[in-house]
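1. Structure, please.
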Amino acid sequence: MKKLSLLLIMLVAAMIMQAQIATNIYWVKFTDKANSPYSIDNPSEYLSQRALDRRARLGIEIDEYDIPVNPQYLQAVEACGAQLLNPSKWLNGVSVYTDSQAVVDAINALEFVEVVRNCPNYPEAQRDKEIWMENEMKASGNPVVSRGYYGGAEAQVYQLRVNELHNMGYDGTGVHIAVLDGGFIATNTHQAFDNMRAEGRLLGVRDFVFGSESVYSQSTHGTSCLSTMAAYDPNNMVGTAPKASYYLFHTEDGNGENIVEEYNWVSGAEYADSLGVDICSTSLGYIDFDMPQWDHYFPDFDGHTAPMTIGAEIAASRGIICTNSAGNEGGGTCTLGIPADAEHIITVGAVDDQGDRASFSSVGPTYDGRIKPDVMAMGQGTYVATGYSGFPYYNGSGTSFSNPVLAGAVACLRQARPSASVQEICDALRAAGNNANNPDSYNGYGIPDFVEALAMLDIKDVEFDNNEILSVFPNPSRGSVKVEIFDGITVYGITVYGITGSVLVNTNNINELEVALNNLSSGVYTVKVDSERGGQTLKVVLTK
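-> You can find the predicted model right below:
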């Protein structure tokens with residue numbers, strides 16, 4: 001009898017565990033977008049004016065990816081008895097909920113359904129994720145005492161020289177950032193965001209996990225990530241984009257590690273695109289799932305396989321700058337988390353306040369041999385806001401924090417150069433890194449100097465005269481420059497102008513020009529030359 005009772009107990013326990021494991025979530029992929037009521041010729045039906053303006057400014061055409069999922073297909077799936085969750089036009093499908101195999105079979109039988117993918121949970125990977133996020137949320141030292149305007153965030157801001165962009169008036173004003181994360185507990189009450197709320201710069205929230213009206217639950221992770229950008233609490237904490245505007249999207253489910261979360265993210269990025277968002281900041285990464293058959297192995301990290309990676313690439317092609325944390329899996333070979341392998345996003349690793357790589361920061365290369373991470377920012381001992389009661393700020397560690405530190409700085413760059421392409425901005429960040437001359441899969445291109453990145457974008461905007469009279473090199477320069485005249489041309493006069501148009505140098509002597517340039521501080525300067533062969537205008541960028 002004891003043995004029988006024990007057996008019954010074990011069977012009941014197994015049934016309870018199975019009930020807890022099963023999420024009954026499925027991904028339904030469609031074959032096409034045929035007979036859609038939407039058209040490429042009428043994009044205002046599914047894209048906001050701000051989204052259309054971004055495309056026009058960056059020269060991006062409307063294409064098939066922009067067309068929403070055929071609503072007739074969605075209605076047919078729903079008519080089978082499934083609950084619709086999040087459609088994705090970029091991946092052409094929809095996530096659904098059902099506890100009936102008959103419903104799944106009915107959906108599979110629809111002629112326009114390509115595949116139905118089961119996405120159940122098991123607890124092992126969830127525990128790994130919880131450990132990973134808990135380690136990030138643990139205080140890694142005593143909270144930093146105020147050290148001036150930026151408070152405890154001073155080191156992470158100064159490391160990128162983004163404070164100098166702030167001084168130029170580039171603080172994220174007018175730039176829209178979507179933060180996709182696992183929850184934003186206390187963001188609606190925390191003092192770090194009082195100014196954002198008061199000025200109406202919290203533009204909206206959306207929950208892609210539960211479909212609720214609030215994102216202020218489940219986790220404080222998003223709150224801390226957001227603070228590295230959005231905080232405006234002078235002398236306590238000021239972030240890297242304190243005057244940008246923000247959307248908060250809940251895409252990560254803290255109750256499990258389910259591949260449907262990748263699809264949630266893609267739906268979130270699509271929504272951000274439709275709103276005209278400029279930047280998507282994501283401190284999430286996926287490797288192992290509760291359902292092992294969906295785990296990502298090395299060949300998946302090729303930039304075009306995982307659902308979230310595909311979505312990130314499409315987002316970049318729409319003109320959105322996507323930044324993503326590299327992950328906290330440490331060294332080795334490709335310890336990244338999806339979508340950090342995407343080619344046209346900025347993958348961010350972590351360093352400490354001295355610029356040394358944090359041992360936990362994930363590394364590349366990708367399966368196809370590309371260098372990842374792209375750049376580094378402060379992610380060890382980062383000053384962040386906390387959603388926990390009792391203390392407002394603390395120092396935490398993780399690439400989850402280095403990523404938004406960097407993303408906020410990118411917002412300032414986007415504000416300064418609204419017409420620069422995603423590729424141009426990504427290239428400038430890599431080129432401005434302190435490891436740019438010898439990039440590797442541990443530090444990428446290094447810590448970017450945002451003053452230098454801005455200068456590099458400036459130099460790309462210059463249309464040089466055909467007359468080659470005078471050469472200044474290197475340009476941009478981090479130190480001294482050399483000046484040369486082509487073919488012994490006689491120069492009548494050379495004038496150097498500052499960024500405001502003021503005359504700084506007026507000479508006809510090449511040696512005097514070289515000395516003058518080498519004595520100027522960091523900045524962008526216009527040099528105009530008058531000679532026997534005509535005139536020449538060029539810009540000289542100095543970053544010292």
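2. and the closest residue to P68 other than its chain neighbours, how many neighbours?
-> The shortest distance from P68 to any residue that is not its chain neighbour, by Cβ to Cβ, 6 or more residues apart in numbering, is 4.8 Å, and that residue is K89. C-betas here are computed from N, CA, C, even on glycine. Applying the criterion other Cβ atoms under 10 Å, we find 24 residues in the vicinity of K89.
3. quick one, phi psi at K89?
-> K89 adopts backbone torsions of phi -80, psi -30, taken as degrees, to the nearest 10.
4. these two touch, right, it and Y73?
-> No: in this structure, K89 is not within contact of Y73 by Cβ atoms under 8 Å, at 11.4 Å.
5. still on that earlier bit, and the gap between the residue nearest to P68 and Y271?
-> 10 Å (Cβ to Cβ, to the nearest Å).
6. just N511 next, same as before
-> 59 Å.
7. Show me which of those two is the more surrounded one.
-> Comparing N511 with Y271 by neighbour count (other Cβ under 10 Å), the higher total belongs to Y271, at 18 against 9.
8. okay but the more buried one is in contact with F249, surely?
-> Yes: if you go by Cβ under 8 Å, Y271 and F249 touch, sitting 7.1 Å apart.
9. Now list whatever residues contact both of these two.
-> R206 (Cβ atoms under 8 Å, 6 or more residues apart in numbering).
10. For E61, which non-adjacent residue is spatially closest?
-> Leaving aside its sequence neighbours, E61 sits nearest to R55 (Cβ to Cβ, 6+ apart; 7.5 Å).
11. burial measure for the one you found, as a count.
-> Other residues within reach of R55, judged by other Cβ under 10 Å, total 19.
12. Also V162?
-> V162: 32 surrounding residues under other Cβ under 10 Å.
13. ok, for it, nearest residue in space, not its chain neighbours?
-> Take V162 and drop its neighbours on the chain: the residue closest to it by Cβ to Cβ, 6+ apart is A409, 4.2 Å away.
14. ok, that neighbour touching I447?
-> No: no contact is recorded between A409 and I447 when judged using Cβ under 8 Å, the distance being 10.8 Å.
15. In what element of secondary structure is the residue nearest to the spatial centre of the chain found?
-> In the chain, the residue lying closest to the centroid (Cα atoms, centre = their mean) is T323, at 1.8 Å. For T323, the enclosing helix or strand under DSSP states H and E is strand 321-325.
16. And T495, its phi and psi?
-> Backbone torsions for T495, taken as degrees, to the nearest 10, come to phi -120, psi 130.
17. I figured it was touching N506, is that so?
-> Yes: under the criterion of Cβ under 8 Å, T495 lies in contact with N506, with a separation of 5.3 Å.
18. more crowded one of these two?
-> More neighbours surround T495 than the other of T495 and N506, with 16 against 13 (other Cβ under 10 Å).
19. Can you tell me the element A377 falls in?
-> With elements taken from DSSP H and E, the one containing A377 is strand 375-378.
20. so where's the stretch 201-350 of the chain shaky on pLDDT?
-> Screening the stretch 201-350 of the chain residue by residue with the criterion pLDDT under 70, one finds no matching range.
21. Would you map the strands across it?
-> 202-207, 232-233, 237-238, 245-250, 279-282, 321-325, 346-351 (DSSP state E, counting those that start in this stretch).
22. SS state for the residue nearest to F486 when sequence neighbours are not counted?
-> In this structure, F486 finds its nearest non-sequential neighbour in E468, 5.3 Å apart by Cβ to Cβ, 6+ apart. Assigned with DSSP: H, G, I helix; E, B strand; the rest coil, E468 falls in the coil class.
23. wait, C80 sits on N108?
-> No: taking Cβ under 8 Å as the contact criterion, C80 and N108 are not neighbours in contact, 9.4 Å apart.
24. quick one: which of these two has more around it?
-> Summary of the neighbour comparison: C80 and N108, criterion other Cβ under 10 Å, with C80 having more neighbours (20 against 14).
25. And the closest residue to Q49 other than its chain neighbours, how far from F289?
-> When the adjacent residues along the chain are set aside, Q49 lies closest to G276, with 7.5 Å between them (Cβ to Cβ, 6+ apart). Between G276 and F289 the computed distance is 33 Å (Cβ to Cβ).
26. now S419
-> As for S419, its distance to F289 is 40 Å (criterion: Cβ to Cβ).
27. all strands for the stretch 1-150 of the chain, in order.
-> For the stretch 1-150 of the chain, strands defined by DSSP E, counting those that start in this stretch occupy the ranges 25-30, 83-88, 93-97, 113-118.
28. Quick check: buried residues in the last one?
-> Meaning strand 113-118. With burial defined by 16 or more other Cβ atoms under 10 Å, the residues of strand 113-118 counted as buried are 113, 116-118.
29. With stretch 199-206 instead?
-> Buried, per 16+ other Cβ under 10 Å, within stretch 199-206: 201-202, 205-206.
30. ok, so of these, who is nearest N24?
-> Closest approach to N24 among the buried residues of stretch 199-206 (Cβ to Cβ): R206, at 22.7 Å.
31. residues in contact with the closest one?
-> Contact analysis of R206 by Cβ under 8 Å, 6+ apart lists 215, 247-250, 268, 271.
32. ok, now G254?
-> For G254, the contact set (Cβ under 8 Å, 6+ apart) comprises 130, 182-183, 218-219.
33. any idea how far it lies from T228?
-> To T228, G254 is 20 Å away according to Cβ to Cβ.
34. try N395
-> Summarising the geometry, the distance separating N395 from T228, computed by Cβ to Cβ, is 12 Å.
35. One more: A358?
-> Following Cβ to Cβ, the distance that separates A358 from T228 is 15 Å.
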